[in-house]
Each structure stands twice: as C-alpha cells, then as structure tokens.
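> I need the structure of the sequence given here:
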Amino acid sequence: TQADFRHGIGHHSFTDASGYLKTSGNIDTRHGGIVTLASQANNASDSYAKHGGLVFSGDFYMFGAGGIQKWGGSSFSRVSSTAVNTAFTTGSYIFAAPEGRLQKSTDGSSWSDAGVNSDATDFAYFSIWGGYVWASEEDKNFVHYASQEDLADLEGDGTTDTNVVTVGPTGQAVVGLASFSNALYAARPDGLWVISDQNGFKARQVLSFADEVHGNNFRTMTVWQGALYFTIRHKIYRWTGSSLQDVSPPRINDAFPYVKYGSFKNLVARGTHLYCTGRTNESTYTESVLAYDGVGWHAVAHPITDGTGELSALVLDVDNDYLWFTIDLATDETHYIKLQSLSDLPFADFLTTGNHYLYTSIHDMGFKKIDKSATEVMVESTNCTADRTIVVKYAVDGNIDSGTYTTLGTVNESPTETLTFSTPVQFKRIQFRFDFDTDNAAQTPVMRSYSLKYMMRPATSYGYSFDIEVTDNASEDGRKSAQLVSDLETARASSAPV
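Okay, the predicted model is just below:
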C-alpha cells in the first residue's frame, strides 16, 4: 500500500513509502495523502522577451529585452520599450536599469533619470540591506550603495566612486546579490562573498568555486526558510552560513540512458515551497517548473517537452497570486499558474485535455529474484465519477524499461474501487502508472492510496531427512565408524555441492 507521495520524484525502487519515480503532464503530489491534477498554465498572449518581474504599487510588471510590461488583469501593456538588465522597487519608486542611465518612476509610466550623474549606468543586480540599496555593475566586480529612496546618491562608476565595494579580484563579475543572515552576499562564478559593516563595507570570501567556474554558477540565488539557495553548474546548494548541502533533484528513470534535471534557473520562494526551473539532460529535453518542500522535489508543470526554447523567467506575483513563467522562443510566450491565496493546495483550474501521468516506484517487495503473482489492485479515491477518472496501468519486468504498459481498469467511483487482473499476473518487478483525467476545469479526481494484493511464488526446493547407520566396516571401502562420522561432518560443512 502507498498512501502518501510527498517525498517526490526520483525513487526508483519502493524503499520509501512516500516516494515515486516521476510525473508527466500536470500532476500535484505535494500534499499529504492525496494526488490531484495540478493547476494549469494560462497563456497571457504576450510575445515580448522577459526574464524577470516585480510588484509595484499594487501592479505586476515584467521586464527584459522587450522593455517593461504592466499586467492589466487580462493583458500586458508596454510602459517602456527600452531593453533592461533588471528592474527594482524601493516602495515609492520603480527603477529600470538599461545599459544606459538608471531610470526611475513613481507611477510606472513616466520615467526620469536616477543616480548621481551620467555614470549611474548599466546596473545588473539590486538588493536592500543595512538601510541601503545596493547595486552591482554589469560585467564588473563593483557594488555601489545609496541611502536615499529615489537613489539620487547612487554612483555608478567603480573607478570614481570612492565608496564602491570591490568584490574579489578583477576577472569575474558580480552575478547576484542577496540579503541573508544580517549581511549582504555577493556572488561571482568563482565564489561567494559576504559584505558586512563590522570593519566598514568590505567584501570577504566565504565560499570558493574557483576550480569549477561555470556560466551556470549562481545563475539564480534566493533565501528560503533560513538558508541561502543557489546553483553551481548542474547542482542546487543550500548554504546556512556555516554548512553547504547539495539538495539537487535525483534522476528520474531507472534505465540507460539515465535522465536527470540540471540547468537550474529562476529560484522563487513561496511559503512552504521553493520553486525553480530545470532542464533534463536529454537531447530532446523537457524543461519543467519544479517545487521543493525541504524533503522532496515535485514537477508541477512541464512547459517544454520538445527540446525547443528555454524558461527564461519564473516570477511570483504576490498581488494576483500567480506564478508567471516565460518561454524564450522565436516568438516568446508568457504564462501564469493561479495559486490559492490562503494555502499551497492547487487552485481549481485544471486542464481537461492532454495526458497526466503518475509513475510509481518499482515494486519488488524486497525480493528482486523471486517470482510473485498479483490478483487485484484497490484504489482509494475521492471525487471520481464517470467523467473524472483515474486509469490504472501496469508494466512488469522487461516491460518497465521499455515503457510498455497494460491497462488494468478505470477508477470512476469513490471512495474505493477494486480492479482485478483477468488472470493472475506473474512478475519479479511491477510498476504502476495512474492516468488522471477530468472534463471539468474546476474538478479533479483525487487518489488517496493504492494497494496491491499479491503472493510470493519462490521456486520449490525439497529437503530430506534420514538416518545413517555408522558402524565399523559399514561402508564398502571398509572405513571405521569414526572416519565415517568425520567424512559426513565434512560433507555437511561443505559450501560446494557434494
């Protein structure tokens, strides 16, 4: 029986009662004792390139190479056509950082110059810490800070700003800033630096990745549940300020060639989950929206399945409770997933088309080489009807690796339904696939548990018990009784066949 799935993907053999192998389509396994469809992604019908977003004065904005767009509830409107590295808000102002002069606005539509002078240009990352706004220069190792809310005192040339903080030696640029544990952390591809005010604003290196410098290092960085999370090459790490832990998702198949997520980007924290995007290592890759609860990883959406494009943005819209993502294609696409305002349960907005599969771990009952036979599977569910169903399929032994599944039956009523094999199925290993389907976008079938009724069928072996008379000259070769006893004990102790 399996009645919980919160330990997430990557559990190949059924050694964890709350784990499973993987999902495809829209399946939500993050919540105790239930599996449902996941909330669908809605297309916002906007083709401008974006790589980030923020909420300012009750409105949601996205930004990137296509400038800055404001969400109006049903569509985006372009409020600035100039490509920007990033955008940032201090509360009363929204700032746009193009390659040229930093711009500010109080209403999100009218823009004016910000910063001390024309040197306040080409900023890449912003953060607030210690009563200051901090900004790094694009492709440089300089970090500047300002105390005024409109950033009128922000300088931008590391060679002339006498208060600039230099992060490490030249050769690597600052690629991220984060306020964490009463300090400001600045990331470069070769390591992590901390800036504190203990001895003036100076940068001190706390982690070195000089031996594995890579373009994916610190590609994304955020704080969640008291720790700093960031990427190094194809890994996600958790940094507490004193210890470093690899928390990357495990591989999601059990047959060569092995499939694993990497190329992680867009870390976003919301409540009980840390979200990011990840790409599989296949030539025709899948790029997914992943969620981590501190124990297991769950795939909540698979926006790319054909190996085309990339997820260039994943942004939490706290004003509308949307999770936005942008697909970078020849013609870009922007989508949003609706979230419940008062919980992390899926919003009732489900796809009524497509395939949505949960693949269980592989069951061998702890005896990989022993045959078993199964007669039935009982599925416990809620909200299942003739139009909201869970189709149960299975694969055994070699069919697991080839992905050949046989239909056992359909769950179309709740709370329990028992599906019987037409003839008892024989196997050493068995895996199930549950296919979820609904005809109503506001309703989902819910699986609570499944139970397999089986019997072990080990090979039959016979044992014999008999008496042996041991006396002198009882054997044809004339051995004494003591020698016969010794020879029998030797045979009994032999590990090789006698």
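
> contacting residues around Tyr237?
Neighbour list for Tyr237: Tyr229, Phe230, Thr231, Leu244, Gln245, Asp246, Val247 [criterion: CB atoms under 8 Å, 6 or more residues apart in numbering]. Backbone N, C-alpha and C define where each C-beta goes, glycine included.

> I misspoke; the intended subject was Asn320.
Neighbour list for Asn320: Phe60, Trp71, Tyr336 [criterion: CB under 8 Å, 6+ apart].

> so where's the chain uncertain?
Applying pLDDT under 70 to the chain flags the ranges 473-474, 498.

> can you give me the helices for it?
Shown for the chain, the helices assigned by DSSP state H span residues 398-402, 481-493.

> Name all residues that make contact with Gly262.
Shown in contact with Gly262 (CB under 8 Å, 6+ apart): Arg233, His234, Gly278, Arg279, Thr280, Asn281.

> repeat that with 6 Å
His234, Asn281 (CB atoms under 6 Å, 6 or more residues apart in numbering).

> Please apply the same query to the one 10 residues further on.
The neighbours of Thr272, taking CB under 6 Å, 6+ apart as the test, are Asp293, Asp344.

> if I look at it, how far off is Phe209?
Taking CB to CB, to the nearest Å as the measure, Thr272 falls 29 Å from Phe209.

> same thing with Thr106?
From Thr106 to Phe209 the distance is 41 Å (CB to CB).

> These two: who's more crowded?
Counted by other CB atoms under 10 Å, Thr106 and Phe209 do not tie: Phe209 has more neighbours, with 18 against 14.

> got the contact list for the more buried one?
Phe209 neighbours (CB under 6 Å, 6+ apart): Asp190, Gly191, Asn217, Ile232.

> Show the contacting residues for the first one.
Residues touching Asp190, when contacts are defined by CB under 6 Å, 6+ apart, comprise Gln172, Phe209, Ala210, Val213.

> Farthest pair within those?
Checked with CB to CB, the contacts of Asp190 reach their widest spread between Gln172 and Phe209, with 10.3 Å between them.

> ok, back up a step: and of the contacts of Phe209, the nearest to Ala65?
Of all the contacts of Phe209, Ala65 sits closest to Asn217, with 22.7 Å by CB to CB.

> Would you quantify the distance from that closest one to Pro169?
16 Å.

> which residues of the stretch 251-400 of the chain fall in strands?
Taking DSSP state E, counting those that start in this stretch as the criterion, the stretch 251-400 of the chain contains strands spanning 261-270, 273-280, 287-292, 297-304, 310-317, 322-328, 333-338, 357-359, 371-382, 388-396.

> The fourth one: partners in the sheet, and parallel or antiparallel?
Same thing as strand 297-304. strand 287-292 (antiparallel) (DSSP bridges).

> and what of the last one?
If you go by DSSP bridges, strand 388-396 pairs up with strand 406-411 (antiparallel), strand 430-438 (antiparallel).

> Which strand residues bridge the most centrally placed residue in the chain?
Nearest to the geometric centre of the chain sits Leu290, at 3.0 Å (CA atoms, centre = their mean). Beta-bridge partners for Leu290, by DSSP bridges, are Cys276, Ala299.

> Does it touch Gly278 like I think?
Yes - under the criterion of CB atoms under 6 Å, Leu290 makes contact with Gly278 at 5.2 Å.
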